[in-house]
Each structure stands twice: as C-alpha cells, then as structure tokens.
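Novice: Got a sequence here, can you build the structure:
(one chain, ligands or ions: 3)
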Amino acid sequence: MSTRTLIRGGLVITAADETHADVLIEDGRIAAIAAHGSAVAQGWTADRTLDATGKYVIPGGVDAHTHMELPFGGTFASDTFETGTRAAAWGGTTTIVDFAVQSRGQALRAGLDAWYAKADGQCAIDYGFHMILSDVDESSLKEMDLLVAEGITSFKLFMAYPGVFYSDDGQILRAMQRSAANGGLIMMHAENGIAIDVLVEQALARGETDPRYHGEVRKALLEAEATHRAIQLARVAGAPLYVVHVSAEEALAELAGARDKGLPVFGETCPQYLFLSTDNLAEPDFEGAKYVCSTPLRPKEHQAALWRGLRTNDLQVVSTDHCPFCFTGQKELGRGDFSKIPNGLPGVENRMDLLHQAVLDGHISRRRWIEIACASPARMFGLYPQKGTIAPGTDADVVIYDPHAEQVISAETHHMNVDYSAYEGRRVTGRVETVLSRGEPVIHDRQFTGRAGHGCYVPRATCQYLG
Ligand SMILES: NC(=O)NCCC(=O)O
Ligand SMILES: [Zn+2]
Ligand SMILES: [Zn+2]
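Specialist: Numbers count the residues shown, from 1 in each chain. Ligands and ions are numbered 1, 2, ... in the order given. The predicted structure is shown next:
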C-alpha cells in the first residue's frame, strides 16, 4: 500500500533554488512541490506529515568515495556496509558509491561479485560501485566494457602504492583509451608512488618513523607531477579524467590549467583536506597516526586554495574517502614505521555537517553546499536526477536539516565503527534531524528507524557532465 508523506514549511534547497515549499512524497518518489501556504499545498493530505518549519529540506547527500571493509595494509577498513551505511544515514547521506576491488591476478567480475555479496542485504541506504583496477591487461580491459553496460561506469587507477594497486603509465594509457571508447570515467589516485617509495626508504633509514613523516615524503610536488601526467595521458587517450582526493594547491593548479584549456578534467577533495592539516599528523604519542591517509594532509595554507577551487568549480565534488581504521590494533600496526600505518580516515557521517559549517564560515553558499555534496557527485557518476536533487519524479531521498542546532563531533556519539573521530571536539552548527530514503524514514527525530537491507543497489549511467 502506498504511503503519502508531506513535508511542510521548510526551506527547500537544491543546487539550483531555494524556496519555501511543501514537498509531497508518494511511492518513494517526490510527487509534487508547491509553495508553502499555496492553495495547492493546502489541499494536500498525507498519511504522515513532517513539520520542517525553521528547517532546511535538502536532498540526501551522495558520497561518491567510500571504502567499506577495504583490505589495506594487512587489515580491513573497520566499517562494514551495515555499520558504514547506518552512520552515513545519521550524517544525512542517502547514497554511497563504494569501490569494489580487483585483486591482482583476479578478474574484475570476481572482485565485483565479492562486493555485491558484502553489501547485499546489509545497507541502510542506497549504494553503487566503482571498480578499482589493480591489474590492467587484455582481459580486464575487455571486462571494463561489460561493467559499463552493467552500471559500473567508473574505474579507479592508482599511480601510488607500487606492488599493491599501482598501474604504470602504459597500463593507465590503455585503460584510458578503453574508457574513451566505452564511456567509462577514469578516477585517478594521483601521486608518484615510485618516487614516494624511494623517499619512504630514505626517511626510515634516517630513523624518521613517526606519522608526520608520512606527510613529508608524500610531497605536494609528487601529487602535482602525477596529476599533470594523468591529465596528459588522458589527453593522449581522448578520455575524461576525475582526480580523487586532491589535497595540494599545486595539484589543483594542474586541474585548473587543464580546465582553462577546456579539457574534460574533474576534481574531488575531501573534508579532511579542508579542515585538518599536517599539524594533526604531527600530534605527539603516535596520535598523528589517526590522520594518516593518502594523499596526505597538507600544511594549512593549502586549504584556502581548495576552498577557492570549490567556489570556482575547478573542484566539483566533496566526497569523504571514508576508510576507517581503529587506532587500537589497526593504526598501531605502524608504530615504529609510519609506512605500515593503514591509510585512511573516517568521515562518512561528518561530511554534510562540516560543509554546512563551511557555509556559515563563508567559504561556500548554501546552494554550492548542496551542489558539491549532492547534485554534482550524482551527475558525475550517472545518478542524476534520481539522486542529488528534490524534483517531481526523483527518489524521495530527503533530509530535514536543523541549521541552528549545535553539536560537538565526538567518537563518544558518532555511529561509525571506529574508536576515534578525526574531528574530536569540533563544534559545528547544524544537524540532521530526519532522513528519508526513497520516502522511508531511516532517521526520524534523531532516532535510527532504518534497517539493514532497506538500501538498494543502484546501477549508474555514464558521467552526465560529458556530451
Ligand atoms: N585514501 C586513503 O588513505 N585510503 C583509502 C585508499 C585510497 O583512496 O587511496
Ligand atoms: Zn586513493
Ligand atoms: Zn579512497
């Protein structure tokens, strides 16, 4: 039986508009939107009415970069699809795109099937997959075509992590040529991993073992160099390119220069690069390990450039790169050798709130908040307008957001399965109150009302920023 839900009296914010409007939801979709107080809206009846007076009504967040249960550095990211998607819902995110992994020597199909199995029946919110390519050869190139047809329309390659996920320039060029032909989008981890490994070895030989050296060896210039090289390879292949987790001003300058030339080059940054810095990596007593991720945190001065890039659209997306490892037992694997600290930070629950705080701090406008966190990732990865906006016919993935509520971010209160918060003690204004996923309340008045298995796999179209 169909349920009608009515959200009354809120300020509806999309990437395009802000309107005081009522939103009618039926059969899991937005049925209609009408000005608050209009005769049309007053005539609506519903089984469930949610009062959003004084609140924002925004599209559910789309986090296009998560790693639930990622195998890394001899351990696994500590959020499962169940715990990670529940935490995402608490933070106002209603869709994730996670990375299925091809292990070396394995077919893409095997890696993808393993990810379908991990997520199936576990998720509180909807999900899709990108595919990590670890072994670019004739057979994996052929498989890329099949995956694009199946709705896996983006592929991550690594210029970092030699011996693990690393692809050389020839492999990268081949994968790009294939994506130019099949419509897929190459997502690049742009760091010169071969040069970084030399610097790691030299640092360790000098006895530089603390977490802060992770930031020192993974130099901004090596991110910029790899970004430049990835752009040139994409040009040669005639392929579009999306550079993930951009952290260095110099790398952003490469993207901006390419975009100025009109090239189809896109960039993502993450909250950790906007709000944290090498000061965190330098925290004493091995606490810096909590902030080890790649690309690494940069000196604070890089943040202004990233905010500018988000305003000027040289960066289009903010995703989390959520890849949590507990401090106890996981980050600790790298005591005495920073190169053994599993790379990654938790954050899937914090993104919408941190970016709302950025609105209050004057870095971005409200509509740009929704654009970089909802609409643009949905367009980039072929989910729009089903996801990422509020419009008649789209999925009713809707957040009622209280822009005045104060909160202090803490591991004591978060829902991610990780024993620390990268933002411990940070005060932010704004908080998720209610979250609907396809019309079903998964968070209702700050209570979890969802369930594992509600979330559905969503096949994706190709990038909607291209021709
Ligand atoms: N980013 C990170 O440190 N860990 C996750 C894997 C990746 O995205 O490179
Ligand atoms: Zn990466
Ligand atoms: Zn990642």
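Novice: quick one: contacts of the helix or strand bottoming out on mean pLDDT in the chain?
Specialist: Taking mean pLDDT, DSSP states H and E as the measure, the helix or strand of the chain with the lowest value is strand 71-72, at a mean of 94. Under the criterion CB atoms under 8 Å, 6 or more residues apart in numbering, residues 101, 323, 325, 342, 343, 344 lie in contact with strand 71-72. All C-beta atoms are positioned from the backbone trio N, CA, C, and that covers glycine.
Novice: so what strands line up beside it?
Specialist: In the sheet, strand 71-72 lines up against strand 75-76 (antiparallel) (DSSP bridges).
Novice: Give me the pLDDT for the closest residue to ligand 1 within the stretch 351-467 of the chain.
Specialist: Nearest residue of the stretch 351-467 of the chain to ligand 1 (CB to the nearest ligand atom) works out as residue 422 at 11.8 Å. The predicted local distance difference test score for residue 422 is 98.
Novice: do the same with residue 2
Specialist: pLDDT at residue 2 comes out at 72.
Novice: same thing with the one 10 residues further on?
Specialist: Per-residue confidence (pLDDT) for residue 12: 98.
Novice: Quick check: it is in a helix.
Specialist: No. The assignment for residue 12, made by DSSP: H, G, I helix; E, B strand; the rest coil, is strand rather than a helix.
Novice: If it is in a bridge, with which residues?
Specialist: According to DSSP bridges, beta-bridge pairing links residue 12 with residue 19, residue 57.
Novice: tell me which parts of the stretch 1-150 of the chain are close to ligand 1?
Specialist: residue 67 (CB under 6 Å from any ligand atom).
Novice: Tell me which stretches of the stretch 1-150 of the chain form helices.
Specialist: 39-42, 81-90, 108-119, 138-150 (DSSP state H, counting those that start in this stretch).
Novice: Residue 465 is nearest to which of the ones you listed?
Specialist: Closest to residue 465 of the helices of the stretch 1-150 of the chain, according to CB to CB: helix 138-150, at 16.2 Å.
Novice: Could you export the helix or strand just after that closest one as PDB, CA atoms only?
Specialist: Following helix 138-150 in sequence order, the next helix or strand is strand 154-158 (DSSP states H and E). Extracted C-alpha coordinates of strand 154-158, given in PDB (Å, rounded to 0.1, in the frame of the first residue of the first chain):
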ATOM      1  CA  SER A 154      33.800   4.500 -13.300                       C
ATOM      2  CA  PHE A 155      37.200   2.900 -12.700                       C
ATOM      3  CA  LYS A 156      39.900   3.900 -10.200                       C
ATOM      4  CA  LEU A 157      43.500   3.600 -11.100                       C
ATOM      5  CA  PHE A 158      46.500   4.200  -8.800                       C
END
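Novice: If you count contacts, what does strand 154-158 end up packed against?
Specialist: strand 126-132, helix 169-182, strand 185-189 (3 or more CB pairs under 8 Å, 6 or more residues apart in numbering; DSSP states H and E).
Novice: Let's have these in CSV, adding mean neighbour count and mean pLDDT.
Specialist: Below are those laid out as CSV (neighbours: other CB atoms under 10 Å; pLDDT from 0 to 100):
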stretch, mean neighbour count, mean pLDDT
strand 126-132, 25, 98
helix 169-182, 19, 98
strand 185-189, 26, 98
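Novice: how about the CA coordinates for stretch 381-394, as CSV?
Specialist: Written as CSV, here are the backbone C-alpha positions of stretch 381-394 (Å, rounded to 0.1, in the frame of the first residue of the first chain):
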residue,chain,number,x,y,z
PHE,A,381,28.6,9.3,-11.6
GLY,A,382,25.4,9.0,-13.6
LEU,A,383,22.8,9.1,-10.8
TYR,A,384,21.1,12.4,-11.5
PRO,A,385,18.3,13.3,-11.1
GLN,A,386,17.2,10.1,-9.4
LYS,A,387,19.7,11.2,-6.7
GLY,A,388,21.1,14.5,-5.7
THR,A,389,18.1,16.8,-6.0
ILE,A,390,14.5,17.3,-5.0
ALA,A,391,12.2,17.4,-8.0
PRO,A,392,8.9,15.7,-9.1
GLY,A,393,9.7,12.1,-10.1
THR,A,394,13.0,11.8,-8.3
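Novice: which parts of that stretch are buried?
Specialist: Across stretch 381-394, burial judged by 16 or more other CB atoms under 10 Å covers 381, 382, 383, 384, 385, 386, 387, 388, 389, 390, 394.
Novice: and the helix or strand containing residue 268, C-alpha only, in PDB?
Specialist: Using DSSP H and E, residue 268 sits in strand 265-269. C-alpha atoms of strand 265-269 as PDB (Å, rounded to 0.1, in the frame of the first residue of the first chain):
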ATOM      1  CA  VAL A 265      39.000  17.100 -16.300                       C
ATOM      2  CA  PHE A 266      37.300  17.000 -12.900                       C
ATOM      3  CA  GLY A 267      38.400  17.000  -9.300                       C
ATOM      4  CA  GLU A 268      37.300  15.900  -5.900                       C
ATOM      5  CA  THR A 269      38.500  17.000  -2.500                       C
END
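Novice: And ligand 1, is the helix or strand following that strand touching that?
Specialist: The C-terminal neighbour of strand 265-269 among helices and strands, as given by DSSP H and E, is helix 271-275. No. Using CB under 6 Å from any ligand atom, helix 271-275 stays clear of ligand 1, with a minimum separation of 9.1 Å.
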